[in-house]
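Student: sequence-free structure coming up:
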C-alpha cells in the first residue's frame with residue numbers, strides 16, 4: 001500500500017515522544033528484517049516489527065493507529081536479542097502502547113476474552129498482556 005510521505009504527513013513530535021519514552025533511537029534500524037524473522041507473533045500482527053520501525057522512522061502516526069502490532073507483541077525479546085543494531089524493539093512497542101493508553105484507547109480488554117480464546121493463547125502473550133494492563 002502506497003503512503004504519502006511529506007512534511008504535512010510526518011509527525012516529528014510524535015516520533016520524538018516514542019524515542020523519549022522508549023529510550024531507543026529508531027533511526028538505528030537499518031531494515032534488515034531480523035526482528036520480523038524472529039517474532040513468534042508475526043503471523044498474528046497487521047504489520048511486522050520491521051514495518052512498524054519504518055513507519056516510526058517516517059513519522060507515520062496515522063498508519064500505526066489502526067495496527068494491532070504493539071498490542072499483539074508478546075514482549076518476548078526475541079527481536080531484541082537478535083537485532084544487529086541492538087535496538088530494544090519491545091521497549092518501542094511499549095512506548096507505542098503507552099502513547100495510546102495515555103489517550104485512553106485500549107485495543108485489548110482481558111476481561112472480554114472468552115475462556116476458549118485464553119486456552120489457545122501462548123502463555124508469554126497472556127503474561128505480557130497482564131503486565132501491560134497492570135503496570
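Tutor: Arrived safely. Values in this document were obtained by computation on a predicted structure and should not be read as measured data.

Student: wait, isn't residue 71 in contact with residue 65?
Tutor: No. Applying Cβ atoms under 8 Å, one finds residue 71 not in contact with residue 65, separated by 11.8 Å. C-beta here means a position set from N, CA and C on the backbone, and glycine is covered the same way.

Student: So for those two, which residue has more residues nearby?
Tutor: residue 71 (17 against 11; other Cβ atoms under 10 Å).

Student: Now do the more buried one, the pLDDT please.
Tutor: For residue 71, the pLDDT comes out at 88.

Student: just checking, what packs against the helix of greatest length in the chain?
Tutor: With DSSP state H setting the assignment, residue counts place helix 89-102 as the longest helix in the chain. In terms of contacts (3 or more Cβ pairs under 8 Å, 6 or more residues apart in numbering; DSSP states H and E), helix 89-102 is packed against helix 12-22, helix 49-57, helix 69-72, helix 78-82.

Student: neighbours around residue 96, how many?
Tutor: If we define neighbours as other Cβ under 10 Å, then residue 96 has 25 of them.

Student: residues near the nearest residue to residue 15 once chain neighbours are set aside, how many?
Tutor: Distances taken as Cβ to Cβ, 6 or more residues apart in numbering place residue 59 nearest to residue 15, at 4.7 Å, with adjacent residues excluded. Residues near residue 59, counting by other Cβ under 10 Å, number 20.

Student: wait, isn't residue 59 in contact with residue 17?
Tutor: No. With contact defined as Cβ under 8 Å, residue 59 does not reach residue 17; the gap is 10.9 Å.

Student: shaky segments in this protein?
Tutor: 1-9, 105-110, 125-126, 128-135 (pLDDT under 70).

Student: ok, now which ones touch residue 27?
Tutor: Applying Cβ atoms under 8 Å, 6 or more residues apart in numbering, we find residue 27 in contact with residue 57.

Student: With residue 86 instead?
Tutor: Applying Cβ under 8 Å, 6+ apart, we find residue 86 in contact with residue 28.

Student: Look up phi and psi at it.
Tutor: Dihedral pair for residue 86: phi 70, psi 30, per degrees, to the nearest 10.
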